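[1] here's a sequence, model it:
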Amino acid sequence: MAKLAKRRISPETVDDENPEWTAEDFAKARPAVEVLSGLFPKTVAATMLKPRGRPRKEVTKAPVNIRLSPDVLDAFRATGRGWQTRVDEALKDWLKSHKPATHG
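    Model prediction:
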């Protein structure tokens, strides 16, 4: 794999129409939600401000580290994508008929 050539920014290649921001520019900056509604119709501004990606769930799962025996792990992983969800479902199903013992 060829290495990329190191490039240096030269004063000749600086974009005069888009100069680097100064402290004054940052002080004058306003959030898009304040600016777009004045520049575009409300429906267009709302579309531009709509968050991307899938909506967040109200109840999310907590990330944890858990040690599983290799055979259990292999069996769930062999089921393909979503295997962690199936582990979660199996544990929920177990809780329906068992009361976890408290240790401590």
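[2] CA atoms for contacts and neighbours, from now on please.
    OK.
[3] what's the single longest helix in this structure?
    With secondary structure taken from DSSP state H, the chain has its longest helix at helix 83-97.
[4] so what's the gap between that one and the chain middle?
    26 Å (C-alpha atoms, centre = their mean, to the nearest Å).
[5] swap in stretch 42-55?
    Put simply, stretch 42-55 sits 17 Å off its chain's centre (C-alpha atoms, centre = their mean).
[6] middle-most residue in this structure, spatially?
    Residue closest to the mean C-alpha point of the chain, counted by C-alpha atoms, centre = their mean, is residue 53 at 8.4 Å.
[7] tell me the spacing between that residue and residue 99.
    Counting by C-alpha to C-alpha, to the nearest Å, the gap from residue 53 to residue 99 is 38 Å.
[8] next, give phi and psi for the residue nearest to the centre of the chain.
    As for residue 53, its main-chain torsions (degrees, to the nearest 10) stand at phi 90, psi -180.
[9] now do the one 4 residues further on
    The phi and psi values for residue 57, taken as degrees, to the nearest 10, are phi -80, psi 150.
[10] cool, residue 30 as well?
    Backbone torsions for residue 30, taken as degrees, to the nearest 10, come to phi -130, psi 150.
[11] now the helices for this protein?
    Secondary structure of the chain (DSSP H): helices located at 23-28, 32-39, 42-49, 70-77, 83-97.
[12] put the alpha carbons of the longest one into CSV.
    Going back to what we said before, that points to helix 83-97. What follows is helix 83-97, C-alpha atoms only, in CSV (Å, rounded to 0.1, in the frame of the first residue of the first chain):
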residue,chain,number,x,y,z
TRP,A,83,-27.8,-13.1,19.3
GLN,A,84,-27.3,-10.7,22.2
THR,A,85,-31.0,-9.9,22.1
ARG,A,86,-31.8,-13.6,22.2
VAL,A,87,-29.6,-14.0,25.3
ASP,A,88,-31.6,-11.2,26.8
GLU,A,89,-34.9,-12.9,25.9
ALA,A,90,-33.7,-16.2,27.3
LEU,A,91,-32.7,-14.5,30.6
LYS,A,92,-36.1,-12.7,30.8
ASP,A,93,-37.8,-16.0,30.2
TRP,A,94,-35.8,-17.7,33.0
LEU,A,95,-36.8,-14.8,35.4
LYS,A,96,-40.5,-15.7,34.8
SER,A,97,-40.1,-19.0,36.5
